[in-house]
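> Show me how the following folds:
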Amino acid sequence: MTLPVDPGRLRQQFPSLTDDDLAAFEEVTRRILADPRARGRVLAETITLAQRAREKQAQEIGLEPEERLALAYASAIAKMQG
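Now for the predicted structure:
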């Protein structure tokens with residue numbers, strides 16, 4: 001599945017994006033686009049997971065791989081919005 005925006009273009013437009021940010025953005029975006037009926041749910045679950053991951057991180061609790069992915073995705077989105 002191709003992404004709606006070329007990752008190279010994103011990197012040019014938002015130079016603060018890291019490789020991890022872009023990888024997370026690509027993976028989560030593919031999940032979101034995979035099932036049109038579930039897009040809102042997948043996005044909401046990812047954002048909720050990122051929020052929980054931030055809370056765990058603040059308490060110095062280790063993160064699961066899915067939490068790290070959600071956190072990296074949220075970071076990428078924040079960098080692209082600001």
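> With P36 as the reference, measure out to A78.
Noted for A78: a distance of 25 Å to P36, by CB to CB, to the nearest Å. Placement of C-beta: from N, CA and C, glycine included.
> close enough to count as contact, E26 and D6?
No. Applying CB atoms under 8 Å, one finds E26 not in contact with D6, separated by 10.7 Å.
> Tell me which of these two has more neighbours.
E26 (16 against 10; other CB atoms under 10 Å).
> ok, that one - contacts?
If a contact means CB atoms under 8 Å, 6 or more residues apart in numbering, then E26 has L3, P7 as its contacts.
> what pLDDT does it get?
pLDDT recorded at E26 is 94.
> measure it to L17 for me?
11 Å.
> do A24 as well
When A24 is compared with L17 (using CB to CB), they lie 10 Å apart.
> Looking at the two, which is more packed in?
Comparing A24 with L17 by other CB under 10 Å, the one with more neighbours is A24, at 24 against 19.
> State the distance from the residue nearest the centre of the chain to A44.
In the chain, the centroid-proximal residue (CA atoms, centre = their mean) is Y73; its distance is 1.5 Å. The gap separating Y73 from A44 is 13 Å, by CB to CB.
> cool, and S75?
From S75 to A44 the distance is 18 Å (CB to CB).
> Among those two, which residue is more densely surrounded?
S75 (18 against 10).
> My read is that that one contacts D21, right?
Yes. The criterion here is CB under 8 Å, and S75 meets it with D21 at 5.6 Å.
> any idea of the mean pLDDT for the longest helix anywhere in the chain?
Counting by DSSP state H, the longest helix found in the chain is helix 39-58. Throughout helix 39-58, pLDDT has a mean value of 96.
> Who are the packing partners of it?
Using 3 or more CB pairs under 8 Å, 6 or more residues apart in numbering; DSSP states H and E as the contact test, the elements touching helix 39-58 are helix 19-34, helix 65-81.
> what number of residues lie near T29?
Around T29 there are 19 residues (other CB under 10 Å).
> Go ahead and confirm it touches P7.
No. In this structure T29 lies outside contact range of P7 using CB under 8 Å: 9.8 Å.
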